[in-house]
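**Q** using only what follows, build the 3D model:
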Amino acid sequence: MDIKPQMIVNQIGLIAKKIAKVLIYAFIALVLLYIAFKAWEYQAESEQKQADKVSQTQQSEKFANGSQYVATYSPLLVGGSSLSFVQRPNNEPLFKYLLGASYPNFITALEDSAPLVYVGPQILGTGCQKLGCAVAQAALVIDPSKGRIYAALIEGGKVSYFGLTEGQAAPPAFEKWASTQIVELAK
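**A** Residues are numbered from 1 along each chain as shown. As a prediction, the model looks like this:
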């Protein structure tokens, strides 16, 4: 009788060893699968980052070329509506790129727009929100000599500039416009 319980214990031990082996192999397979997935994920992310970088470079070049083109013919439009200038088919994509998520606010702030005027060598276009000039105001500056376009938005007394490179001062036309608008808002 002692042999049967011993055999049962041995068989249970063998089955336990087989189950442990299967579990170890399954664990190793899962770890290898996880490593393969992470490698694939990293590769996909790096490819996406590279594609985004190329796209961003292309957009920047397209914006620079478009800005140069707009700045070249903009003197012909002095005296026209600032809002109409921004919404021209050739100009709208440039302003959407320049302003990003602030574009709708900029258009709203230009609803009651003034004509484009020369301020020194630069062209200034201004406007404010219809029936709410104290709420939002916007301006754009075109510098034909540099081929650059800039935009500014005043919301709640805070001025945001668009199109300036890091550390670049705002164009003089903006400075004069912004200081005048903030003083008027304070009244």
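
**Q** give me the pLDDT value at the residue nearest to S74 when sequence neighbours are not counted.
**A** Spatial nearest neighbour of S74, excluding adjacent residues (Cβ to Cβ, 6 or more residues apart in numbering): I142 at 4.6 Å. Every residue, glycine included, has its C-beta placed from N, CA and C. I142 is assigned a pLDDT of 88 by the prediction.

**Q** give the burial count for I142, as a bare number.
**A** Neighbour count of I142, defined by other Cβ atoms under 10 Å: 27.

**Q** part of a strand, is it?
**A** Yes - under DSSP: H, G, I helix; E, B strand; the rest coil, I142 sits within a strand.

**Q** contacting residues for it?
**A** For I142, the contacting residues are 70-71, 74, 116, 122-123, 125, 148-150, by Cβ atoms under 8 Å, 6 or more residues apart in numbering.

**Q** let's see it at 10 Å
**A** 67, 70-75, 77-78, 85, 91, 116, 122-125, 148-150, 171, 173 (Cβ atoms under 10 Å, 6 or more residues apart in numbering).

**Q** okay, it and P172: tell me how far apart.
**A** Per Cβ to Cβ, to the nearest Å, I142 is found 13 Å from P172.

**Q** what touches both of those two?
**A** In contact with both I142 and P172: 122, 124, using Cβ under 10 Å, 6+ apart.

**Q** for the longest helix belonging to the chain, give the mean pLDDT please.
**A** The longest helix of the chain (DSSP state H) is helix 3-73. Per-residue pLDDT over helix 3-73 has a mean of 86.

**Q** before we move on, what about stretch 174-183?
**A** 69.

**Q** ok, and the closest non-adjacent residue to A64?
**A** G147 (7.9 Å).

**Q** which residues touch the one you found?
**A** G147 sits in contact with 64-72, where contact means Cβ under 10 Å, 6+ apart.

**Q** where does the closest residue to C128 other than its chain neighbours land in three-state SS?
**A** Once flanking residues are discounted, C128 sits nearest to Q137: 4.4 Å by Cβ to Cβ, 6+ apart. Reduced to three states with three-state DSSP, the structure at Q137 is strand.

**Q** does Q137 touch V159 like I think?
**A** Yes - contact criterion Cβ atoms under 10 Å: Q137 and V159 qualify, at 9.2 Å.

**Q** okay, the two: which has more neighbours?
**A** Q137 (25 against 18).

**Q** give the bridge partners for that one, please.
**A** C128, I154 (DSSP bridges).

**Q** got a pLDDT number for it?
**A** Predicted confidence (pLDDT) for Q137: 88.

**Q** tell me which residues touch I154, please.
**A** Contacts of I154 by Cβ under 10 Å, 6+ apart are 109, 128, 133-139, 160, 177-178, 181-182, 185.
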